[in-house]
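Chemist: take this sequence and fold it.
(one chain, ligands or ions: 1)
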Amino acid sequence: MAQQSADVIIIGGGITGTSAAYQLALQGHSVILLEKGYIAAGGTGRTGGIIRQHYSNETTASMALRALKVWSDFDNVVGGDPGFRRYGALFAVGKSDLDGLKSNIALQQRVGINVQFLDPDGIREVAPYLNVDDLGGGAYEPDAGCADGAMAANAFAKRARELGATVLQGVEVTDVIAENGRVTGVNTTQGVFSAAVVVNAAGPWGTRIAKTVGYEVPVDASRHQIAVFQQPPDTLADGHPVVADFAQGFYFRPETGRLTLAGSIEASEAAHHVDPDHYVETVDMEFNADMAERTEHRVPLMGDARVGKGWAGLYDVSLDWHPILGRMPGLDGFICAFGWSGSGFKMGPVTGELIADLVTGEQRCPIDPHIFRFERFAEGALVRGQYNYSIIG
Ligand SMILES: Cc1cc2nc3c(=O)[nH]c(=O)nc-3n(C[C@H](O)[C@H](O)[C@H](O)COP(=O)(O)OP(=O)(O)OC[C@H]3O[C@@H](n4cnc5c(N)ncnc54)[C@H](O)[C@@H]3O)c2cc1C
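Modeler: Okay, the predicted model is just below:
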């Protein structure tokens, strides 16, 4: 006998699941969100939290633009504080990559993103402490920033609850139940929950959930590290923007407390496959040293930075570094929404809207997620951007 039932069950309490729960509850649907650990226990609680719009295909760029509007005005739009801070973001390339960068800027401007090209002198005007010797230029987004994964997911979960959703932590879904070509609910460690629609928003665990009803989704869990540096005293007094340094294949971003966080943007990151329940959650010494060297090259003032306590988290990397976001073919009521491949935090507010549209069949969000359908893998219609196969998208 079913323990509880609702219109929709959402598996996973990361940014994707909590945002979807909020949207569905807002639209008057009954929702149960089931989280095996706690809200933001997965990639969301370990995110780098960068909110940028620098994407090289129209769908993702439009999603990022729409999401930024929510992040920048979260308390009025959703309610609560996701810890958003506007720092600006610079995407800097070497001289050989200038043409690609400029065509991406043109695409972003076409969809309405506030971004401008800066030559090396322009970069120095924004951030005089940057070494621009090996840079050809950069794309600068003054409106970009960072938010806090745990604060954001908890803010969405809280609003979802206030709007009537049931949010349960410590309940693990063991499998999805299907009868006669449609889902009827899920089995969990706390009994059966029933619903005509089940949303798999389990991030790096999403592949396992999909497998329980026969789908082989090409998404692997991989480990991603973030190094933390304490800025030397009396330097960078006004902070620094988020910098994606394509010339060196890494990014760094400011954090409160005069900290700088750094991570890799190299596609080889995807090769670090791990069991999502058993992986090393701390940072390797070699990684800290590597990030310190790259940071010092770009910001010589950081040469005297002290190494702080970093962490590692999980990416859910798909075959083409883009998510699976759609109704699954052959099983009515089963929606997959995972595989954001290391870039899904910023998209959370819009992913939630798109999931609500997939559930209801309405199109309240003006963005069409068709390119993210699961069928694309069999069709050979992989999603491609200018920056093939990396988190940049
Ligand atoms: C180190 C790091 C840095 C990143 N930096 C950025 C960045 O700067 N900007 C950006 O936009 N993105 C970034 N990302 C990516 C971003 O954080 C993720 O794409 C996003 O948070 C994924 O959210 P999610 O809700 O889809 O999945 P998750 O946050 O992984 O949530 C999935 C949830 O499902 C739960 N779950 C799993 N299995 C079950 C089950 N069987 N039953 C019930 N619950 C279950 C898990 O406990 C988990 O809480 C980064 C990720 C990492 C790890």
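
Chemist: rounded mean pLDDT for the longest strand seen in the chain, please.
Modeler: In the chain, with assignment by DSSP state E, the single longest strand is strand 219-230. The pLDDT scores in strand 219-230 average 97.

Chemist: how about that strand, which residues are buried there?
Modeler: Residues of strand 219-230 classed as buried: Val219, Asp220, Ala221, Ser222, Arg223, His224, Gln225, Ile226, Ala227, Val228, Phe229 (neighbour count, 16 or more other Cβ atoms under 10 Å). In short, each C-beta sits where N, CA and C put it, glycine included.

Chemist: repeat that for stretch 299-309.
Modeler: Using 16+ other Cβ under 10 Å as the test for burial, stretch 299-309 gives Val299, Leu301, Met302, Ala305, Gly308.

Chemist: what about that stretch, start to end distance?
Modeler: This stretch, stretch 299-309, spans 20 Å end to end (Cα to Cα, to the nearest Å).

Chemist: isn't Ala152 right up against Val78?
Modeler: No. At 9.3 Å, Ala152 does not count as touching Val78 under the criterion of Cβ atoms under 8 Å.

Chemist: hang on, the earlier thing: report all helices and strands that the longest strand of the chain contacts.
Modeler: helix 206-211, strand 259-264, helix 285-298, strand 306-307, strand 311-318 (3 or more Cβ pairs under 8 Å, 6 or more residues apart in numbering; DSSP states H and E).

Chemist: the strand or helix carrying Val359 and the ligand, are they touching?
Modeler: Assigned by DSSP states H and E, Val359 falls within helix 348-360. No. Contact of helix 348-360 with the ligand (Cβ under 6 Å from any ligand atom) is absent, the minimum separation being 7.0 Å.

Chemist: returning to that earlier point: could you dump the helices and strands packed on strand 219-230 to TSV with mean pLDDT and distance to the ligand?
Modeler: Output for these, formatted as TSV (pLDDT from 0 to 100; distance: least, Cβ to the nearest ligand atom, whole Å):
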stretch	mean pLDDT	distance to the ligand
helix 206-211	98	6
strand 259-264	97	6
helix 285-298	97	12
strand 306-307	96	17
strand 311-318	97	3
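
Chemist: in CSV, list those along with distance to Phe372.
Modeler: Shown next, in CSV, are these (distance: least, Cβ to Cβ, whole Å):
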stretch, distance to Phe372
helix 206-211, 13
strand 259-264, 24
helix 285-298, 31
strand 306-307, 38
strand 311-318, 9
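
Chemist: can you tell me which of these is nearest to Ala337?
Modeler: helix 206-211 (8.0 Å; Cβ to Cβ).

Chemist: same drill for Ala152 and Val78, tell me which one is more crowded.
Modeler: Neighbour count, other Cβ atoms under 10 Å: between Ala152 and Val78, Ala152 has more, with 32 against 23.

Chemist: so which strand or helix has that one?
Modeler: helix 149-162.

Chemist: swap in Glu216?
Modeler: Per DSSP H and E, there is no helix or strand for Glu216.

Chemist: so where do the strands sit in the stretch 101-250 of the chain?
Modeler: Assigned by DSSP state E, counting those that start in this stretch, the stretch 101-250 of the chain shows strands spanning 116-118, 137-141, 145-146, 166-169, 173-179, 182-188, 191-194, 197-200, 219-230, 242-245, 250-255.

Chemist: tilt between the longest one and strand 259-264?
Modeler: Inter-element angle recorded for strand 219-230 and strand 259-264: 150 degrees (by axes from the mean of the first three to the mean of the last three Cα atoms, to 10 degrees).

Chemist: kindly report the same for the second one.
Modeler: Per the same axes, to 10 degrees, the angle that strand 137-141 makes with strand 259-264 is 120 degrees.

Chemist: so what are the domain limits for this protein?
Modeler: As recorded under automatic domain parsing, the domains making up the chain are 4-46+149-218+319-379, 88-143+220-318.

Chemist: most tightly packed of the ones you listed?
Modeler: Highest mean neighbour count of the domains of the chain: domain 4-46+149-218+319-379, a mean of 21 (counted as mean count of other Cβ atoms under 10 Å).

Chemist: returning to that earlier point: and the contacts of the helix holding Ala152?
Modeler: Contact with helix 149-162 is made by 13-15, 18-19, 21-22, 24-25, 31, 33, 39-40, 43-47, 49, 74, 78-83, 167, 345, 348, 352, as judged by Cβ atoms under 8 Å, 6 or more residues apart in numbering.
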